[in-house]
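K.L.:
Below is the structure, and that's it, no one-letter string:
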DNA sequence: GCCAACGTTGGC
DNA sequence: GCCAACGTTGGC
């Protein structure tokens, strides 16, 4: 999951109530499908900092609630309000994630590009803008072997 | 600040 | 249903 740390960072997650947050505001259909259909309770989450000087993986989280309607779409006062999302048949979904740990130093995008096992990783492909992306088990294992987790 | 990538919108 | 225009994302 990608986040701009000046908006919401891994540190923000670590001090949030119950160290948990709802991943609201995703307004892209492909990412919506992941949130609604694919992401399961207990799934690991790589927390990625984007659009910042030090781009890369900043920490780990875990899914603690599976897809449910993103209620911020129903609130006209919310920045993520979307009048087309009908509460009876919601357009947008979110999951809840909980903090697990912070990396000992960001695992930079540059570093990720050097790892052969991550050649196909979605976030490394050009033009990949999705804010929620699947990670394969092979990619997960390769990333978890890095020294920043110890 | 630039600009490539790409999703969305809307005229036809 | 096509596609040009436009807006956003996000690395550089």
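P.N.:
Right, received. Where do you want to start? This structure is a prediction, so every number in the text was calculated from the model and none was measured.

K.L.:
which stretches of chain A aren't confidently modelled?
P.N.:
Applying pLDDT under 70 to chain A flags no residue at all.

K.L.:
helices and strands around the longest strand that chain A contains, which ones?
P.N.:
In terms of residue count, the longest strand belonging to chain A (DSSP state E) is strand A:93-108. Counting contacts by 3 or more C-beta pairs under 8 Å, 6 or more residues apart in numbering; DSSP states H and E, strand A:93-108 is packed against helix A:10-15, strand A:20-22, strand A:44-49, strand A:56-69. (C-beta placed from N, C-alpha, C; glycine too.)

K.L.:
Packing partners of the longest helix anywhere in chain A?
P.N.:
For chain A, the helix with the greatest residue count under DSSP state H is helix A:137-144. With contacts defined as 3+ C-beta pairs under 8 Å, 6+ apart, helix A:137-144 has these neighbours: strand A:44-49.

K.L.:
Flag every buried residue along the strand it packs on.
P.N.:
A:45, A:46, A:47, A:48, A:49 (16 or more other C-beta atoms under 10 Å).

K.L.:
And for stretch A:118-126?
P.N.:
For stretch A:118-126, burial by neighbour count (16+ other C-beta under 10 Å) applies to A:118, A:121, A:123.

K.L.:
Turn the residues you listed into a markdown table, columns for secondary structure.
P.N.:
Listed next are those as a markdown table, based on DSSP: H, G, I helix; E, B strand; the rest coil:
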| residue | secondary structure |
| --- | --- |
| A:118 | helix |
| A:121 | coil |
| A:123 | helix |
